[in-house]
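Asks: Have a look; sequence and predicted model below, questions after that.
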Amino acid sequence: MPEDDPRNPGVIADNVGDNVGDCAGMASDVYESFVVVLAGTLLLAAVFNLATSLIRLSIVLATLTLVGTLVGIQVVRGEVKGKDLAAAAMGKLNLALYTTIIVAAILVAVYSFLTFPLMEPRQSSWQIY
């Protein structure tokens, strides 16, 4: 029997392990990028001695976008129905993406307008948003 024959249980286990490893690796890369960007933002804010409200802004934005992501994840839950399962699954994933973007944008807008009212004639909460 050839080495990569699908009838070999070792090949199936190896493919499953590779798939799990690839998914976990991608998730850890996304998490690492998220944490590195947040840590870099906080470091630069501390180095340039920015206002506390601006330092808090980076943490709150990260938190609000994560809340938007959690809402978007809930959209994906449930059974996929239809004749073309691939198209139905992609439609559900696209709906989750759009939901995440809209919820995060609304949360960030609310935070921006409540925290940063008109500061100067040239700077406003719209610019922060």
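Replies: Sure, I can see it.

Asks: Toward the C-terminus from the longest helix belonging to the chain, list the very next helix or strand.
Replies: Using DSSP state H to define each element, the chain has its longest helix at helix 9-47. Beyond helix 9-47 in the direction of the C-terminus, DSSP states H and E gives the next helix or strand as helix 52-76.

Asks: Can you give me the buried ones in that next one?
Replies: 55, 57-58, 60-61, 64-65, 68, 71-72, 75 (16 or more other CB atoms under 10 Å). Where you see a C-beta, it was placed from the backbone N, CA and C, and this is true even at glycine.

Asks: got TSV for the residues you listed, with distance to residue 97 too?
Replies: Converted to TSV, the buried residues of helix 52-76 look like this (distance: CB to CB, whole Å):
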residue	distance to residue 97
55	30
57	24
58	23
60	22
61	19
64	17
65	13
68	11
71	12
72	7
75	9
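
Asks: Same list, those, but as a markdown table with distance to residue 84 and pLDDT please.
Replies: What follows is these, written out as a markdown table (distance: CB to CB, whole Å; pLDDT from 0 to 100):
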| residue | distance to residue 84 | pLDDT |
| --- | --- | --- |
| 55 | 48 | 84 |
| 57 | 44 | 85 |
| 58 | 42 | 86 |
| 60 | 41 | 92 |
| 61 | 38 | 90 |
| 64 | 35 | 94 |
| 65 | 32 | 93 |
| 68 | 29 | 95 |
| 71 | 27 | 95 |
| 72 | 23 | 93 |
| 75 | 19 | 90 |
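
Asks: Closest one of those residues to residue 126?
Replies: residue 57 (14.6 Å; CB to CB).

Asks: Next, work out how far apart the most centrally placed residue in the chain and residue 97 are.
Replies: Compute the mean C-alpha point of the chain, and by CA atoms, centre = their mean the closest residue is residue 69, 5.7 Å away. Distance from residue 69 to residue 97, counting by CB to CB, to the nearest Å: 10 Å.
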